[in-house]
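Participant: give the three-dimensional model of this entry:
(one chain, ligands or ions: 2)
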Amino acid sequence: MPNMLESEIKYLPGVGPKRAELLNKELGIKTYRDMLYFFPFRYIDRTKIYSISEIEPSMSYIQLRGKVTRVNVIGDKPRSKRLVATFQDPTGIIDLVFFQRIKWIKEWIKPNSEYIVFGKPSYFNQVLNMVHPEIELATEENPIYVGNMLGVYPSTERLKKSGFSNKQIAKFMATLLKRCQNSFSETLPTYTLFDKKLLSLSETLQNIHFPKDIKTLSQAQYRLKFEELFYLQLSLLKQKSTREKSNIGIKMGRVGNNFNTCFKALPFELTNAQKRVIKEIRQDLVSGRQMNRLLQGDVGSGKTMVAIFTALLAADNGYQSCIMAPTEVLAGQHYKGSLKLLEKTNIKTALLTGSTKAKERKILFEELLNGGIDILFGTHAVIEENVQFKNLGFAVIDEQHRFGVDQRSKLWSKGDTLPHILVMTATPIPRTLAMTLYGDLDVSIIDELPPGRKPVKTLHTTDNQTDRIYLFMREQIKKGRQIFIVYPLIKESEKMDYKNLQEGYMSIIEEFKAPEFITAVVHGKQKSQDKAHDMELFASGKAHILVATSVIEVGVDIPNASVMIIESAERFGLSQLHQLRGRVGRGAEESWCILKTGYKLSKESRQRIELMCSTNDGFELAEADLRMRGPGNMEGTQQSGLPVDLKISNLAKDFQILEESRRYAQAILEQDPLITDEKNRVLKTSLSLLKREQKDYSQIS
Ligand code: ADP
Ligand code: MG
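Facilitator: Ligands and ions are numbered 1, 2, ... in the order given. Next comes the predicted model:
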């Protein structure tokens with residue numbers, strides 16, 4: 001018999017095909033199970049009734065009790081037409097405003113009866129109001145709100161517009177729970193419930209939707225969070241151990257001429273952190289297992305060097321390497337940088353990007369196939385199907401956060417044997433996130449910058465201080481320094497953003513006139529020759545100023561640039577700001593990062609800017625970022641970048657549960673690596689369900 005939980009949601013009494021479609025489209029709910037696992041994201045203590053006089057604009061959802069004294073329908077155009085009910089308690093008056101279902105509400109509301117209303121207060125034209133509150137007769141006995149805590153479910157504009165209130169969802173949920181009562185089969189092993197003192201699944205689901213009390217609610221939340229993170233970790237760890245066992249790695253035991261020659265010719269000494277990471281990689285290369293390593297290191301910590309030395313090891317053992325960067329600019333820079341570094345070796349390198357000409361491409365492909373090229377640098381063009389290697393032994397993905405995991409696995413499948421993989425990122429990922437995102441990788445960290453770097457001084461200014469900034473820029477240019485000016489570029493506001501950049505560029509060339517001053521400009525709308533030309537102008541030191549969109553965010557290395565001016569800094573995220581700041585402070589000169597913002601800032605933006613001014617430590621910033629933003633938020637407006645949807649856990653807050661669940665998963669795998677024990681049967685079932693649910697995350701950018 002099919003499980004009740006797999007029933008389509010349209011069969012739930014009261015739902016029907018039309019609403020089912022809406023639930024599906026807006027919330028992805030298709031089955032009873034989906035609905036049951038659609039959790040409230042907040043709870044409201046419905047025993048508390050506020051007085052109107054207590055209301056403050058900052059309040060979230062609250063409950064009021066009072067009388068409707070007057071009902072007016074205002075406006076006649078469809079868009080502005082609304083019903084305003086004047087609602088009164090002994091302490092004050094508030095307007096209840098309805099734009100939809102006006103006729104229905106008008107008939108339903110009875111003046112001078114007592115109501116309970118529930119909604120979010122706000123001010124409109126200085127009048128206190130509540131738009132589309134829930135409203136019910138105060139005497140009404142409502143079977144749903146038996147508990148003290150009312151769950152508030154995530155919603156969308158469309159759902160609200162279609163009259164899908166929170167109350168409605170709660171009603172469906174109540175029906176659903178009753179129906180499914182006897183159909184829940186436990187999703188964790190009995191011994192786990194016992195070990196971890198967890199509520200049973202049916203108690204958990206009952207209480208997550210309709211909590212008996214706060215204590216039971218938190219037990220229910222704990223069980224769901226634990227379960228969610230536990231299965232995630234179990235699946236990642238299992239994947240990792242399977243891979244470690246089955247993926248035979250190419251053995252690269254030799255440290256040969258290329259490596260040694262380059263090492264001796266280095267103009268500087270490797271930092272201890274770089275040496276340590278190279279050692280860690282060496283161990284992987286001789287282990288006989290395929291390496292899958294994430295290299296984290298703050299901007300400017302010298303990750304490229306690690307990649308190159310590993311590529312040299314591969315070459316010394318007769319294998320080709322491939323180093324993939326997210327932008328043409330960056331790939332070009334890696335390529336050019338390597339030429340000098342590898343001067344004294346026998347290594348042959350090449351560059352492949354989207355703008356490599358067909359003729360060059362043909363030659364390059366041949367050389368790759370016959371082994372004439374040792375290291376291929378490039379953009380994602382290198383993973384296109386027609387790119388074939390003779391024997392790819394090592395692949396690097398630089399700035400991983402720009403690539404999808406999908407691309408990572410494409411690289412893997414280039415040859416007969418899997419190459420060793422090194423994923424490099426300058427976005428310091430907090431531990432909790434790394435455990436989730438990259439739970440199947442080994443992690444190395446460069447936690448030391450090359451000597452002689454001075455911390456970048458970060459200042460905050462507002463838009464009306466342009467004259468002072470110009471003065472400062474002149475001083476710096478006189479000292480022989482170069483300056484970045486960066487504009488935000490966001491898809492949704494692309495047109496405006498380009499306009500801002502163009503205007504900014506115009507006022508710079510107006511103020512800093514050629515030929516005394518040369519200003520380069522780089523953005524995504526340019527032809528790639530123009531981009532390369534201007535980039536070169538700046539990189540070679542001929543241009544004093546570079547006006548750019550955030551394309552320069554990753555990797556560009558111009559040691560002589562000592563000033564980074566970020567326009568509309570409030571529109572960037574913390575880690576982006578930090579990345580940008582990392583573009584300066586690479587030479588030994590004193591360097592500056594100037595964050596320009598509008599005069600008025602939201603609390604959150606102000607916090608971000610202040611944090612930037614107070615620390616240079618990328619990891620500290622990343623932790624703060626995660627705390628402030630959370631990895632993705634409930635309304636689904638922010639892309640979380642996570643390989644799975646976390647329904648209830650919050651990585652910023654639940655790291656303890658995450659660690660605990662990871663340890664627990666590890667212990668289980670140690671006893672039963674393939675999860676075949678009878679007592680773990682439910683683990684196996686749940687894991688396969690999890691796999692089915694994993695979303696396609698190749699889109700992450
Ligand atoms: P990132 O980790 O941000 O990719 P890069 O690899 O681009 O950093 O290195 C930044 C700069 O530091 C480059 O100019 C590089 O040549 C230089 N560099 C790397 N390692 C060292 C070192 N050990 N000592 C001095 N400079 C170094
Ligand atoms: Mg780099």
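
Participant: close to ligand 1, is stretch 258-266?
Facilitator: No - among the residues of stretch 258-266, none lie within reach of ligand 1 under C-beta under 6 Å from any ligand atom; the closest is 7.9 Å away. C-beta here means a position set from N, CA and C on the backbone, and glycine is covered the same way.

Participant: residues in contact with that stretch?
Facilitator: Residues from elsewhere that reach stretch 258-266, judged by C-beta atoms under 8 Å, 6 or more residues apart in numbering: 308-309, 312-313, 315-316, 341-347.

Participant: buried ones among these?
Facilitator: Buried positions within those, assessed by neighbour count (16 or more other C-beta atoms under 10 Å), are 308-309, 312-313, 315-316, 341-342, 345, 347.

Participant: can you redo those as TSV with secondary structure and pLDDT?
Facilitator: Converted to TSV, the buried ones among the contacts of stretch 258-266 look like this (DSSP: H, G, I helix; E, B strand; the rest coil; pLDDT from 0 to 100):
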residue	secondary structure	pLDDT
308	helix	97
309	helix	97
312	helix	97
313	helix	97
315	helix	97
316	helix	96
341	helix	90
342	coil	93
345	coil	92
347	coil	95
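
Participant: export those to a markdown table and append columns for distance to ligand 1.
Facilitator: Shown next, in a markdown table, are those (distance: C-beta to the nearest ligand atom, whole Å):
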| residue | distance to ligand 1 |
| --- | --- |
| 308 | 9 |
| 309 | 11 |
| 312 | 15 |
| 313 | 17 |
| 315 | 19 |
| 316 | 21 |
| 341 | 8 |
| 342 | 13 |
| 345 | 17 |
| 347 | 17 |
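
Participant: looking at the contacts of stretch 258-266, which is nearest residue 586?
Facilitator: Among the contacts of stretch 258-266, residue 341 lies closest to residue 586 (C-beta to C-beta), at 16.4 Å.

Participant: host element of the residue in the stretch 451-600 of the chain that ligand 1 sits nearest to?
Facilitator: When C-beta to the nearest ligand atom is the measure, the stretch 451-600 of the chain has its nearest residue to ligand 1 at residue 557, with 4.8 Å between them. Using DSSP states H and E, residue 557 sits in no helix or strand.

Participant: just residue 202 next, same as before
Facilitator: Going by DSSP H and E, residue 202 is part of helix 201-209.

Participant: cool, and residue 427?
Facilitator: Residue 427 belongs to no helix or strand when assigned by DSSP H and E.

Participant: for residue 18, same thing?
Facilitator: Here residue 18, judged by DSSP H and E, is contained in helix 16-27.

Participant: can I get stretch 503-520 as PDB, trimmed to CA atoms?
Facilitator: Extracted in PDB, the C-alpha atoms of stretch 503-520 (Å, rounded to 0.1, in the frame of the first residue of the first chain):
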ATOM      1  CA  GLU A 503      28.900  58.700 -14.800                       C
ATOM      2  CA  GLY A 504      31.500  58.000 -12.200                       C
ATOM      3  CA  TYR A 505      34.100  57.400 -15.000                       C
ATOM      4  CA  MET A 506      33.100  60.700 -16.700                       C
ATOM      5  CA  SER A 507      33.600  62.700 -13.500                       C
ATOM      6  CA  ILE A 508      36.900  61.000 -12.900                       C
ATOM      7  CA  ILE A 509      38.300  61.800 -16.300                       C
ATOM      8  CA  GLU A 510      36.900  65.300 -15.900                       C
ATOM      9  CA  GLU A 511      38.700  65.800 -12.600                       C
ATOM     10  CA  PHE A 512      41.900  63.800 -13.500                       C
ATOM     11  CA  LYS A 513      42.600  65.100 -17.000                       C
ATOM     12  CA  ALA A 514      44.700  63.300 -19.500                       C
ATOM     13  CA  PRO A 515      47.500  63.300 -20.400                       C
ATOM     14  CA  GLU A 516      48.700  64.100 -16.900                       C
ATOM     15  CA  PHE A 517      46.400  61.400 -15.600                       C
ATOM     16  CA  ILE A 518      45.400  58.200 -17.300                       C
ATOM     17  CA  THR A 519      42.300  56.400 -16.300                       C
ATOM     18  CA  ALA A 520      41.400  52.900 -17.400                       C
END
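
Participant: contacts for it?
Facilitator: Outside of stretch 503-520, the residues that reach it under the criterion C-beta under 8 Å, 6+ apart are 470, 473-474, 477, 485, 487, 521, 534-535, 537-538, 542-547, 567.

Participant: check which helix or strand residue 116 maps to.
Facilitator: With the criterion set as DSSP H and E, the secondary-structure element containing residue 116 is strand 114-119.

Participant: helices or strands next to that strand in the packing?
Facilitator: Contact partners of strand 114-119 among helices and strands, from 3 or more C-beta pairs under 8 Å, 6 or more residues apart in numbering; DSSP states H and E: strand 62-74, strand 127-131, strand 134-137.

Participant: comparing these by mean pLDDT, which bottoms out?
Facilitator: Taking each of the helices and strands packed on strand 114-119 in turn, the one with the lowest mean pLDDT is strand 134-137, at a mean of 82.

Participant: what pairs with that one, parallel or antiparallel?
Facilitator: Strands adjacent to strand 134-137 in the sheet, as given by DSSP bridges, are strand 114-119 (antiparallel).

Participant: next structured bit after the partner strand?
Facilitator: Secondary structure here is assigned by DSSP H and E; on that basis, the next helix or strand after strand 114-119 toward the C-terminus is strand 121-124.

Participant: list the buried residues of that next one.
Facilitator: By neighbour count, with 16+ other C-beta under 10 Å as the criterion, the buried positions of strand 121-124 are residue 121.

Participant: what does stretch 525-542 give?
Facilitator: By 16+ other C-beta under 10 Å, the buried positions in stretch 525-542 come out as 531-532, 534-535, 537-539.

Participant: do the same with stretch 100-119
Facilitator: For stretch 100-119, by 16+ other C-beta under 10 Å, it's 105, 109, 115-119.

Participant: could you dump it to CSV, C-alpha only?
Facilitator: This file holds the C-alpha atoms of stretch 100-119, laid out as CSV (Å, rounded to 0.1, in the frame of the first residue of the first chain):
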residue,chain,number,x,y,z
GLN,A,100,-8.5,42.2,-1.3
ARG,A,101,-11.8,40.4,-0.7
ILE,A,102,-13.3,43.8,0.1
LYS,A,103,-16.9,42.7,-0.6
TRP,A,104,-16.6,39.6,1.5
ILE,A,105,-15.0,41.4,4.5
LYS,A,106,-17.5,44.2,4.3
GLU,A,107,-20.4,41.8,4.7
TRP,A,108,-18.6,39.7,7.3
ILE,A,109,-17.4,42.5,9.7
LYS,A,110,-20.0,43.5,12.2
PRO,A,111,-19.4,46.9,13.8
ASN,A,112,-19.4,46.9,17.6
SER,A,113,-18.6,43.2,17.9
GLU,A,114,-15.5,42.2,19.6
TYR,A,115,-12.6,40.8,17.5
ILE,A,116,-9.1,39.5,17.9
VAL,A,117,-6.9,40.8,15.2
PHE,A,118,-3.4,39.7,14.4
GLY,A,119,-0.9,41.3,12.1
